[in-house]
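Trainee: Got a sequence here, can you model it:
(one chain, ligands or ions: 1)
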Amino acid sequence: TNKFKSGLSKTSASLAGAMDAVFMRSHIDEEMYEELEDVLISADVGVNTTLEIVDRLRKEVKERRIKEPAELQPLMSEILADILKGEAAHSPSMNIQDGELTIVLMVGVNGVGKTTTIGKLAHYYKQQGKKVVLAAGDTFRAGAIEQLQVWGERVEVDVIRHQAGSDPAAVIYDGIQAAKARGADILLCDTAGRLQNKVNLMQELTKVHRVIQREIPGAPHETLLVLDATTGQNALQQAKIFNDATGLSGIVLTKMDGTAKGGIAIAIRRELATPVKWIGLGEQMDDLQPFITDQFVHALFA
Ligand code: GDP
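Mentor: Predicted coordinates:
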């Protein structure tokens, strides 16, 4: 869609410009490959993934006996699309339960856009005719509960909240009871994101997880990690930490509109087992898009 394309314009402009320069060289030679590596690494594609892409390119160039750098552009799109392929290649495939309450646990470090993403997801599913309830499980950060409440009012969904400082697991428990009582389809659970105290945070998440599992066997149906695309390779580190603590089913990559380094989506896809399911492309409620790899590659190169 157009939204996808315009939201990714910073990355596509910088990447396309730099790639064009590479492909305008007169020869396919070692220097060209090195230049291409630099371009991909600057776009935060990550060293391992970059080397993999460029190795694939070398191999294809040899096999197809390609001589002109200009012929490499479509080949790059092909390789990238292939590398990004996986279960979530064509749709975000959220595990939404039909006719039963779906529990979505949202995790991530403060400031990455977790609250905003919850608001956007609430809006997305409400538009699909689902009844959504929010649970204000970040009881630690000052203002987090209020901020979630504001989003709840904005998209007109109920917010289950306790006082600041109270037990997050108790909030989530109440959220589940309220969602059931109100016949909700989806409960989106906010959680704290203070990474300064990793051990406490992880214990808290474990407890929340346990409460959810006890109330609804098989839940949470989704555990989504929210990552800020502008933090680059740091985002990968956060993903590893959270994955160890709670197990993740998907990633939301926010602020993709604010970075020229959207290549991080490729690095994440490649270096983590967890698929990127959504990308954030702005601050408004409809600035959230399912991450569809073909569209992503198309937006970057076409
Ligand atoms: P939280 O601390 O993780 O809950 O983060 P917030 O939801 O409060 O978001 C932090 C800031 O990032 C806010 O100013 C949001 O408006 C902004 N933000 C969140 N998602 C996006 C996005 O996809 N694009 C842009 N440009 N800004 C975003």
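Trainee: going forward, measure contacts and count neighbours with C-alpha atoms only.
Mentor: Fine.
Trainee: residues touching residue 93, list them.
Mentor: By CA atoms under 8 Å, 6 or more residues apart in numbering, residue 93 lies in contact with residue 277.
Trainee: and the helix or strand hosting residue 59, what's its mean pLDDT?
Mentor: Using DSSP states H and E, residue 59 falls within helix 47-63. For helix 47-63, mean pLDDT is 94.
Trainee: What's the first helix or strand after it?
Mentor: Next helix or strand after helix 47-63 toward the C-terminus (DSSP H and E): helix 72-84.
Trainee: how close does residue 200 get to residue 189?
Mentor: Distance, residue 200 to residue 189, using CA to CA, to the nearest Å: 18 Å.
Trainee: and those two? which has more neighbours close in?
Mentor: Legend: neighbour count by other CA atoms under 10 Å for residue 200 and residue 189, higher for residue 189 (27 against 12).
Trainee: Could I get the CA-only coordinates of the helix holding residue 59 as PDB?
Mentor: What follows is helix 47-63, C-alpha atoms only, in PDB (Å, rounded to 0.1, in the frame of the first residue of the first chain):
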ATOM      1  CA  VAL A  47      27.200  -7.800   9.400                       C
ATOM      2  CA  ASN A  48      26.200 -11.400   9.200                       C
ATOM      3  CA  THR A  49      23.100 -10.800   7.100                       C
ATOM      4  CA  THR A  50      25.000  -8.500   4.800                       C
ATOM      5  CA  LEU A  51      27.800 -11.000   4.200                       C
ATOM      6  CA  GLU A  52      25.100 -13.600   3.500                       C
ATOM      7  CA  ILE A  53      23.300 -11.400   1.000                       C
ATOM      8  CA  VAL A  54      26.500 -10.400  -0.800                       C
ATOM      9  CA  ASP A  55      27.700 -14.000  -1.000                       C
ATOM     10  CA  ARG A  56      24.400 -15.000  -2.500                       C
ATOM     11  CA  LEU A  57      24.800 -12.200  -5.000                       C
ATOM     12  CA  ARG A  58      28.300 -13.300  -6.000                       C
ATOM     13  CA  LYS A  59      27.100 -16.900  -6.500                       C
ATOM     14  CA  GLU A  60      24.100 -15.800  -8.600                       C
ATOM     15  CA  VAL A  61      26.300 -13.500 -10.700                       C
ATOM     16  CA  LYS A  62      28.600 -16.400 -11.400                       C
ATOM     17  CA  GLU A  63      25.900 -18.900 -12.200                       C
END
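Trainee: which residues are in contact with it?
Mentor: Here helix 47-63 makes contact (CA under 8 Å, 6+ apart) with 33, 36-37, 40-41, 67, 75-76, 79-80, 266-267, 270-271.
Trainee: now, the most widely separated pair of these?
Mentor: 67 and 271 (31.4 Å; CA to CA).
Trainee: quick one: buried residues of the helix holding residue 59?
Mentor: 49-54, 56-58, 60-61 (16 or more other CA atoms under 10 Å).
Trainee: can you pull out the strands in the stretch 201-302 of the chain?
Mentor: With DSSP state E, counting those that start in this stretch as the criterion, the stretch 201-302 of the chain has strands at 222-228, 250-254, 276-280, 288-290.
Trainee: The third one versus strand 250-254: what angle between them?
Mentor: Meaning strand 276-280. Inter-element angle recorded for strand 276-280 and strand 250-254: 20 degrees (by axes from the mean of the first three to the mean of the last three CA atoms, to 10 degrees).
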